[in-house]
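# Everything below, folded, please.
(4 chains)
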Number of protein chains: 2
Amino acid sequence: MKETGRSGCPINLTLEILGDRWSLIVLRDIMFGNRRHYRELLAKSDEGIASNILADRLKRLLENGLLSRRDDASHKQKGIYSLTEMGISLVPVFAAMADWGRRFLPVTPEMSIRAEILAEGGPALWDRFMAELRFLHLEAPRPAQSVLDELTAAYLAAVERRRAADVEPEAV
Amino acid sequence: MKETGRSGCPINLTLEILGDRWSLIVLRDIMFGNRRHYRELLAKSDEGIASNILADRLKRLLENGLLSRRDDASHKQKGIYSLTEMGISLVPVFAAMADWGRRFLPVTPEMSIRAEILAEGGPALWDRFMAELRFLHLEAPRPAQSVLDELTAAYLAAVERRRAADVEPEAV
DNA sequence: AAAACCGCTTGCGATATGCAAGCAGTTGGC
DNA sequence: GCCAACTGCTTGCATATCGCAAGCGGTTTT
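Predicted coordinates for the structure are as follows:
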């Protein structure tokens, strides 16, 4: 930890680690998009993060204990980034932020469907999701059902709905 | 709204408005410290925000609809900043962030007592707090009890505890 | 009349961001 | 075995933002 900050307020300390435009975007893509390699995070980012910014954020997230990194056995150059328990514990923060965003900001329907499901499901769903993340990123046992699959399916269905509506705008 | 952003993702849009080191600090001081004037926010900030940054953040928060500003009838130069419903709705986000911070970061006991109470109280307490903020910032009726007083009293008691422990370190 | 206070601005050096190009090493197709 | 594609990540450089200190016109207090 650096001693840059001034106060021991939890909000302040959280902002010192996550208070920028990109850190939470990176974590979001790892968490909800299951992107585990540098190139995946770089190329498939909806927002188009720059490569040096991504490298810097990954380094800081590693230093701060939100991520861990191990080598990919199948490719000597690849590294696999995983969420730690500290990173997984951000699920309620993401849920709260996403719910706020979808209520007050000009979100697109397909991008807010997952926020809606998380808000609807509440803490019980978040717990199930976190259990699944512990399976995907730590070595926890596989849970019965997959929340991530549910979220992803809903998202893809919304994308498809949008695509169909664009192709056939005369239909109601 | 600016068209800077790339995606309609609620997390991304939220970060475009609040994703920096200071915006949420300012809102925190208004919300939990009931600081309503520029000078109060400037001087009583635990983190020491710079005056130009504060002015810029207040402007952006006004533009984005999180705050409103009106003249202070008692002083021709003073302005009073108030939370809008959009700003008040950040209570769950603060609660989630503060709870995460107090669990994983080196917070001080007196600064995390309020986070603890909010986490303990859950959504029911948050709703009561938001009702009180609507009284303080909008023109809603006064609620029966004050959550803010409760939080502030707990904080001051923790400060006093710390002070007493520092003065008389031999006592247990 | 003087001093303190009001919100906020200006100047300026330091730091962070964003973009494009590039690098050494690895892998896969032929 | 050869070359192209791909790997994570760095470098250079222009621009934007940050952070500090000082200051400004006006108001209020003493």
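
# Relative to A:Ile113, how far out is the closest residue to A:Ala115 other than its chain neighbours?
Among residues not flanking A:Ala115 along the chain, A:Ala98 sits closest, at 3.5 Å (CB to CB, 6 or more residues apart in numbering or on different chains). Every C-beta, even on glycine, is put in place using the N, C-alpha and C of the backbone. Here A:Ala98 is placed at a distance of 11 Å from A:Ile113 (CB to CB, to the nearest Å).

# So which of these two has more stuff around it?
Between A:Ala98 and A:Ile113, counted using other CB atoms under 10 Å in any protein chain shown, A:Ala98 has the larger neighbour count: 28 against 21.

# Tell me the secondary structure at the residue nearest to A:Ala115.
Three-state assignment for A:Ala98 (DSSP: H, G, I helix; E, B strand; the rest coil): helix.

# Go ahead and flag the most central residue of chain A.
Residue closest to the average C-alpha location in chain A (CA atoms, centre = their mean): A:Arg28, at 1.7 Å.

# which residues sit in contact with that residue?
A:Phe94, B:Cys9, B:Ile11 (CB atoms under 8 Å, 6 or more residues apart in numbering or on different chains).

# if you set the cut-off to 10 Å instead, what comes out?
A:Arg35, A:Ser45, A:Asp46, A:Glu47, A:Leu90, A:Phe94, A:Met97, A:Ala98, B:Cys9, B:Ile11, B:Asn12, B:Leu15 (CB atoms under 10 Å, 6 or more residues apart in numbering or on different chains).

# Quick check: the first one vs A:Ile80, distance?
Counting by CB to CB, the gap from A:Arg35 to A:Ile80 is 10 Å.

# So these two - more neighbours on which side?
A:Arg35 (19 against 16).

# buried stuff in the top helix by length along chain A?
Ordering each helix of chain A by length in residues (DSSP state H) puts helix A:109-137 first. Using 16 or more other CB atoms under 10 Å in any protein chain shown as the test for burial, helix A:109-137 gives A:110-119, A:121, A:125-126, A:128-134, A:136-137.

# how about the CA coordinates for the helix or strand following that helix, as PDB?
Once helix A:109-137 ends, the next helix or strand along the chain (criterion: DSSP states H and E) is helix A:147-167. Extracted in PDB, the C-alpha atoms of helix A:147-167 (Å, rounded to 0.1, in the frame of the first residue of the first chain):
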ATOM      1  CA  VAL A 147     -25.600 -17.100 -12.600                       C
ATOM      2  CA  LEU A 148     -23.100 -15.900 -15.200                       C
ATOM      3  CA  ASP A 149     -24.700 -18.000 -17.900                       C
ATOM      4  CA  GLU A 150     -28.000 -16.600 -16.900                       C
ATOM      5  CA  LEU A 151     -26.800 -13.100 -17.100                       C
ATOM      6  CA  THR A 152     -25.000 -13.700 -20.400                       C
ATOM      7  CA  ALA A 153     -28.000 -15.400 -22.000                       C
ATOM      8  CA  ALA A 154     -30.200 -12.500 -21.000                       C
ATOM      9  CA  TYR A 155     -27.700 -10.100 -22.500                       C
ATOM     10  CA  LEU A 156     -27.400 -12.000 -25.800                       C
ATOM     11  CA  ALA A 157     -31.200 -12.200 -26.000                       C
ATOM     12  CA  ALA A 158     -31.400  -8.500 -25.600                       C
ATOM     13  CA  VAL A 159     -28.800  -7.900 -28.300                       C
ATOM     14  CA  GLU A 160     -30.700 -10.200 -30.600                       C
ATOM     15  CA  ARG A 161     -33.900  -8.400 -29.800                       C
ATOM     16  CA  ARG A 162     -32.300  -5.200 -30.700                       C
ATOM     17  CA  ARG A 163     -30.900  -6.600 -33.900                       C
ATOM     18  CA  ALA A 164     -34.200  -8.000 -35.000                       C
ATOM     19  CA  ALA A 165     -35.900  -4.700 -34.300                       C
ATOM     20  CA  ASP A 166     -33.300  -2.900 -36.400                       C
ATOM     21  CA  VAL A 167     -33.700  -5.300 -39.300                       C
END
